[in-house]
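In: Below is the structure, and that's it, no one-letter string:
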């Protein structure tokens with residue numbers, strides 16, 4: 001059903017706007033112009049140089065990522081062409097230590113690049129972020145032999161992780177452990193070189209409490225299952241399940257899980273790489289991977305909404321100008337931009353706090369405690385909430401045709417909705433934030 005036409009007089013600017021309509025049709029927001037690329041604010045000249053290079057390469061591939069969004073959803077993963085592009089330009093080595101051939105960019109720069117990729121395709125960014133991000137985990141908490149072996153095997157690491165193990169068994173064998181199990185939601189699985197699984201090992205003393213650990217499996221020791229793509233959004237994120245049968249994990253590829261919520265002082269990684277970024281907590285970082293993807297998604301949705309209002313006329317004014325000429329849609333665009341800009345500011349500032357907390361912990365000033373970890377975790381969720389508000393507002397005001405299957409704005413809405421339907425939600429983790437704060 002459509003509303004009857006309203007015979008209100010079109011504004012004087014309508015004629016000029018109509019004459020510019022042809023040019024507007026060919027305009028693709030987000031691919032050119034002063035707002036098509038993030039502005040780096042990193043102070044370190046080496047990091048800034050690499051960040052600017054990667055942001056530029058992310059913008060270069062943006063048209064291809066956008067064109068391939070529908071196919072990426074169908075395939076459940078980004079293409080081999082995109083994988084080779086990421087390899088060529090170093091996207092898989094962003095958080096890898098320089099000692100092992102990485103770029104060692106730091107958390108802030110990493111998030112900014114992920115957001116830039118997500119502006120082209122959120123699913124692709126999710127797949128990239130939640131696998132490459134574990135280079136920080138490996139570089140921080142696993143012993144040197146493991147780092148040397150894993151990073152050195154291919155010159156880079158693509159490594160999903162999952163704590164959702166089912167039917168797991170672990171058996172002590174000479175030099176390590178034999179592991180079997182089934183893990184769901186292993187984002188980054190299709191192109192993975194390794195897999196990080198959480199497991200419980202028997203206590204060191206007979207009858208002692210079990211130890212929760214992270215262990216690294218090589219690609220030859222597990223199978224990626226063809227079971228991804230049936231959820232409402234992020235269907236191209238490569239979040240397949242992984243199955244292992246009697247995989248051997250050497251002792252040096254196991255790390256005790258005592259760094260997820262708090263660290264204090266030097267870690268294996270901060271000493272090995274002389275960089276405190278490898279001494280931060282997992283909870284102070286991990287949700288930021290999703291938030292970075294969400295921020296880029298928000299800018300992609302803003303681009304699409306701008307394209308819509310520049311190229312569609314006012315629905316209720318006969319011979320009216322393009323919607324972009326009217327306050328109703330200018331207001332929505334402005335609010336959406338502000339929501340996403342705020343989310344971006346949260347993301348960058350929080351990532352710099354992560355680096356500062358880690359540096360202060362290594363220097364002995366104060367621990368990177370659970371309260372700090374959970375507060376960072378919480379603000380990443382808030383960034384995602386702001387992006388959801390922006391996309392919901394734009395979809396509400398874009399017209400029903402942009403809610404149809406295949407419409408980019410509908411896809412962005414489904415994707416951001418997926419960030420709100422996971423087990424680890426804002427509401428669940430906020431309890432941890434409040435509790436940790438009261439106990440600090």
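Out: Here it is on my side, so go on. Keep in mind the model is a prediction, meaning the values are calculated, not measured.

In: what about the stretch 1-150 of the chain, any weak spots by pLDDT?
Out: Judged by pLDDT under 70, the stretch 1-150 of the chain has its weakly predicted residues at 1-26.

In: quick one, strands of it?
Out: Counting by DSSP state E, counting those that start in this stretch, the stretch 1-150 of the chain has no strands at all.

In: Helices of that one, start to end?
Out: 14-19, 21-26, 45-67, 69-75, 80-89, 107-118, 122-132, 134-141, 144-154 (DSSP state H, counting those that start in this stretch).

In: who wins for proximity to residue 376 among these?
Out: Nearest of the helices of the stretch 1-150 of the chain to residue 376, taken as CB to CB: helix 107-118 at 10.1 Å. C-betas here are computed from N, CA, C, even on glycine.

In: the inter-axis angle of the closest one versus helix 45-67?
Out: 20 degrees (axes from the mean of the first three to the mean of the last three CA atoms, to 10 degrees).

In: tell me which strands and helices helix 107-118 is in contact with?
Out: With contacts taken as 3 or more CB pairs under 8 Å, 6 or more residues apart in numbering; DSSP states H and E, helix 107-118 sits against helix 45-67, helix 122-132, helix 286-311, helix 327-363.

In: Name the stretch among the helices of the stretch 1-150 of the chain that sits most buried.
Out: Using mean count of other CB atoms under 10 Å, the stretch among these with the largest mean neighbour count is helix 122-132, at a mean of 30.

In: other SSEs contacting that helix?
Out: Under the contact criterion of 3+ CB pairs under 8 Å, 6+ apart, helix 122-132 touches helix 69-75, helix 107-118, helix 286-311, helix 408-419.

In: make it 10 Å
Out: On a contact count with 3 or more CB pairs under 10 Å, 6 or more residues apart in numbering; DSSP states H and E, helix 122-132 meets helix 45-67, helix 69-75, helix 80-89, helix 107-118, strand 161-162, strand 194-201, helix 286-311, helix 408-419.

In: And for the helix or strand just after the last one, what's in contact with it?
Out: Tracing the chain past helix 408-419, the next element assigned as helix or strand by DSSP states H and E is helix 426-439. Contacts of helix 426-439 from elsewhere in the structure, counted by CB atoms under 10 Å, 6 or more residues apart in numbering, are 261-262, 283, 287, 369-382, 384-385, 419-420, 422.

In: what about 6 Å?
Out: By CB atoms under 6 Å, 6 or more residues apart in numbering, the surrounding residues in contact with helix 426-439 are 370-371, 374-375, 377-378, 381.

In: Could you list the buried residues of that helix?
Out: Of the residues in helix 426-439, 426, 429, 432-433, 436 count as buried by neighbour count, 16 or more other CB atoms under 10 Å.

In: I am assuming residue 129 contacts residue 289, so please confirm or correct that.
Out: Yes: counting by CB atoms under 6 Å, residue 289 is a contact partner of residue 129 at 4.3 Å.

In: Need the helices and strands packed on helix 122-132 in TSV (columns: distance to residue 267).
Out: What follows is those, written out as TSV (distance: least, CB to CB, whole Å):
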stretch	distance to residue 267
helix 45-67	21
helix 69-75	36
helix 80-89	28
helix 107-118	15
strand 161-162	18
strand 194-201	17
helix 286-311	16
helix 408-419	29
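
In: quick one: residue 139 from residue 107, how far?
Out: Shown here: residue 139 relative to residue 107, a distance of 12 Å by CB to CB, to the nearest Å.

In: How about residue 303?
Out: With CB to CB as the criterion, residue 303 and residue 107 are 26 Å apart.

In: what's the answer for residue 218, then?
Out: For residue 218, the distance to residue 107 - CB to CB - is 27 Å.

In: cool, residue 132 as well?
Out: Taking CB to CB as the measure, residue 132 and residue 107 are separated by 12 Å.

In: what do you get for residue 238?
Out: Distance, residue 238 to residue 107, by CB to CB: 22 Å.

In: closest to residue 75 out of the helices and strands packed on helix 107-118?
Out: Each of these has some distance to residue 75 by CB to CB; the shortest is helix 122-132, at 9.9 Å.

In: could you give the angle of that closest one to helix 408-419?
Out: With the same axes, to 10 degrees defining the directions, helix 122-132 sits at 30 degrees from helix 408-419.

In: tell me the angle helix 122-132 makes with helix 80-89.
Out: Going by the same axes, to 10 degrees, helix 122-132 makes 50 degrees with helix 80-89.

In: any chance you could map the helices in the stretch 151-300 of the chain?
Out: Ranges of helices in the stretch 151-300 of the chain, per DSSP H, counting those that start in this stretch, are 268-273, 286-311.

In: Check residue 361 and give its pLDDT.
Out: We have a pLDDT of 98 for residue 361.

In: what sits opposite the closest residue to it other than its chain neighbours in the beta ladder?
Out: Spatial nearest neighbour of residue 361, chain neighbours left out: residue 368 (4.2 Å); criterion: CB to CB, 6 or more residues apart in numbering. Beta bridges link residue 368 to residue 263, judged by DSSP bridges.

In: Thought residue 359 was touching residue 368, still the case?
Out: No: checked against CB under 6 Å, the pair residue 368 and residue 359 is beyond contact range at 9.3 Å.

In: With neighbour numbers in mind, choose between the two.
Out: Between residue 368 and residue 359, counted using other CB atoms under 10 Å, residue 368 has the larger neighbour count: 28 against 17.

In: Quick one: residues contacting the more buried one.
Out: Each residue near residue 368 by CB under 6 Å, 6+ apart is listed here: 263, 281, 357-358, 361.

In: Buried by neighbour count: which residues of stretch 343-359 qualify?
Out: For stretch 343-359, by 16+ other CB under 10 Å, it's 343-344, 346-348, 350-355, 357-359.

In: what separates that stretch from the chain centre, distance-wise?
Out: Distance of stretch 343-359 from the chain centroid (CA atoms, centre = their mean, to the nearest Å) equals 15 Å.
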